[in-house]
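Student: how would this look folded up:
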Amino acid sequence: MSIQRKATIVSSFVACVLICVKFIAGILSGSVAILASAIDSLLDLSASLFNLYAITKAEKPADLKFNYGRGKIESLAAVIEGSVILVSGIFILYQSLKKIVLGSELARLDLSLYVMVFSFILTTLLVLYLSYVAKISNNLVIKADALHYKTDILSNGAVLVALVIVKLTGLSIIDALFGIAIGLYVGYSAFGLLKEGVLVLLDRALDDDKQDEIKAILDSTKEVQSYHDLKTRQSGDTYFVEVHLVFSPEILLRDAHSIADAIECKIQNLKGNWVVITHLDPYDDEGASACSI
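Tutor: A predicted model of the protein is given here:
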């Protein structure tokens with residue numbers, strides 16, 4: 001079992017634990033902030049289970065039906081998880097505004113405080129673990145899960161602060177005001193995640209640092225007179241590169257092919273998984289179609 005799959009199983013288990021303790025505390029105390037946090041954990045569980053499915057599918061090798069593999073299902077999972085986070089933020093806002101309008105008192109504050117301290121510590125440990133897995137695997141799904149639970153750390157911390165203030169002041173409306181702040185932040189955090197997933201699905205080019213590494217390899221190969229039509233994209237944890245290499249018309253095809261192979265090997269030795277396709281040109285035909293030449 002890959003470390004990515006283990007990470008999604010761990011996050012699913014943690015979400016189950018948090019759902020149980022938060023719902024019990026929220027119902028007993030009447031805290032809208034805790035109930036909103038419990039709903040958020042329920043959505044966390046749904047997202048983590050889908051992430052487990054996505055990673056399992058994405059890890060399957062390329063075949064005759066999916067020639068480039070199934071890596072983009074990870075980006076799709078990130079988009080779905082971002083949507084889940086957004087819905088969670090909207091629901092928290094609704095519940096908080098409802099409490100301001102209707103009003104209600106909090107009970108069993110001590111129990112609520114214990115539950116939120118437990119949730120804060122457990123979520124922090126999970127984020128540290130997911131961040132470690134995301135760093136070594138460079139997996140977009142795990143990055144999304146880590147970001148998701150980072151927002152939970154902030155929301156759990158905010159709920160904890162709100163409960164402390166309510167206990168000290170007796171003003172229950174503080175609970176609802178903090179709920180609004182949490183809802184706005186959770187909703188805002190969803191947009192970055194949605195944007196990243198959508199851009200990968202749209203085959204956005206790799207970031208400038210990776211492109212600069214590729215260009216440095218091409219520029220350092222003296223036999224290559226120039227290059228053009230450099231195209232890059234990402235699917236799952238795999239980076240795809242296509243480029244046209246311009247050689248002297250007098251070079252032997254065997255020699256040009258060997259040089260292109262060497263370039264491909266150098267790119268593939270960069271950090272990450274790479275698929276490199278080179279096209280050999282005897283002259284610079286940039287901007288011209290093969291059919292018109």
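Student: Helix or strand for the nearest residue to L113 once chain neighbours are set aside, just tell me which one.
Tutor: Spatial nearest neighbour of L113, chain neighbours left out: L163 (5.4 Å); criterion: CB to CB, 6 or more residues apart in numbering. For the C-beta atoms, the positions are set from N, CA and C on the backbone; glycine is no exception. In this assignment (DSSP states H and E), L163 forms part of helix 140-169.
Student: Return the list of helices and strands in contact with that helix.
Tutor: helix 3-29, helix 32-58, helix 72-102, helix 109-137, helix 173-201 (3 or more CB pairs under 8 Å, 6 or more residues apart in numbering; DSSP states H and E).
Student: Could you give the average pLDDT over that helix?
Tutor: For helix 140-169, mean pLDDT is 76.
Student: Only the buried residues of it, if you could.
Tutor: Neighbour-count burial for helix 140-169 flags 140-160, 162-163, 166 (criterion: 16 or more other CB atoms under 10 Å).
Student: next one: stretch 9-28
Tutor: Of the residues in stretch 9-28, those buried (16+ other CB under 10 Å) are V10, S11, S12, V14, A15, L18, I19, V21, K22, F23, A25, G26.
Student: Just the pLDDT at the spatially closest residue to the first one that is not a sequence neighbour, thanks.
Tutor: Right, V10. Nearest residue to V10, sequence neighbours excluded (CB to CB, 6+ apart): Y129, at 6.6 Å. pLDDT for Y129: 91.
Student: do the same with I174
Tutor: 76.
Student: mind listing what it touches?
Tutor: A162, I165, V166 (CB atoms under 8 Å, 6 or more residues apart in numbering).
Student: L42 now?
Tutor: A15, I19.
Student: ok so, going back, can you flag the weakest of the helices and strands packed on helix 140-169 by average pLDDT?
Tutor: Among the helices and strands packed on helix 140-169, helix 32-58 scores lowest, with a mean of 73.
Student: could you check the angle helix 72-102 makes with it?
Tutor: 170 degrees (axes from the mean of the first three to the mean of the last three CA atoms, to 10 degrees).
Student: Report the buried residues of helix 32-58.
Tutor: For helix 32-58, by 16+ other CB under 10 Å, it's 32-45, 47-48, 50-52, 54-58.
Student: Tell me the secondary structure at the residue lying farthest from the centre of the chain.
Tutor: In terms of distance from the mean C-alpha position of the chain, E250 ranks first, at 48.3 Å (CA atoms, centre = their mean). Here E250 is coil, with the state taken from DSSP: H, G, I helix; E, B strand; the rest coil.
Student: quick one on the thing from earlier: relative to T232, which of the helices and strands packed on helix 140-169 is closest?
Tutor: With CB to CB as the criterion, T232 lies closest to helix 173-201 of the helices and strands packed on helix 140-169, at 11.9 Å.
Student: what distance separates the closest one from the centre of its chain?
Tutor: Computed by CA atoms, centre = their mean, to the nearest Å, the chain-centroid distance of helix 173-201 equals 14 Å.
Student: how far away is the most centrally placed residue in the chain from L42?
Tutor: What sits nearest the mean C-alpha location of the chain, by CA atoms, centre = their mean, is A144, with 2.5 Å. Taking CB to CB, to the nearest Å as the measure, A144 falls 17 Å from L42.
Student: would you turn the buried residues of stretch 9-28 into TSV with distance to I214?
Tutor: Listed next are the buried residues of stretch 9-28 as TSV, based on distance: CB to CB, whole Å:
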residue	distance to I214
V10	35
S11	34
S12	37
V14	39
A15	39
L18	43
I19	45
V21	49
K22	47
F23	50
A25	52
G26	52
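Student: what's the closest of the residues you listed to L245?
Tutor: Distances from L245 to the buried residues of stretch 9-28, taken by CB to CB, are shortest for S11, at 43.9 Å.
Student: quick one: contacts for the residue nearest to the closest one when sequence neighbours are not counted?
Tutor: In this structure, S11 finds its nearest non-sequential neighbour in S48, 4.4 Å apart by CB to CB, 6+ apart. Contact analysis of S48 by CB under 8 Å, 6+ apart lists T8, S11, S12, A15, D145.
Student: so can I have JSON lines of those residues showing distance to D207?
Tutor: Output for the contacts of S48, formatted as JSON lines (distance: CB to CB, whole Å):
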{"residue": "T8", "distance to D207": "25"}
{"residue": "S11", "distance to D207": "26"}
{"residue": "S12", "distance to D207": "30"}
{"residue": "A15", "distance to D207": "31"}
{"residue": "D145", "distance to D207": "21"}
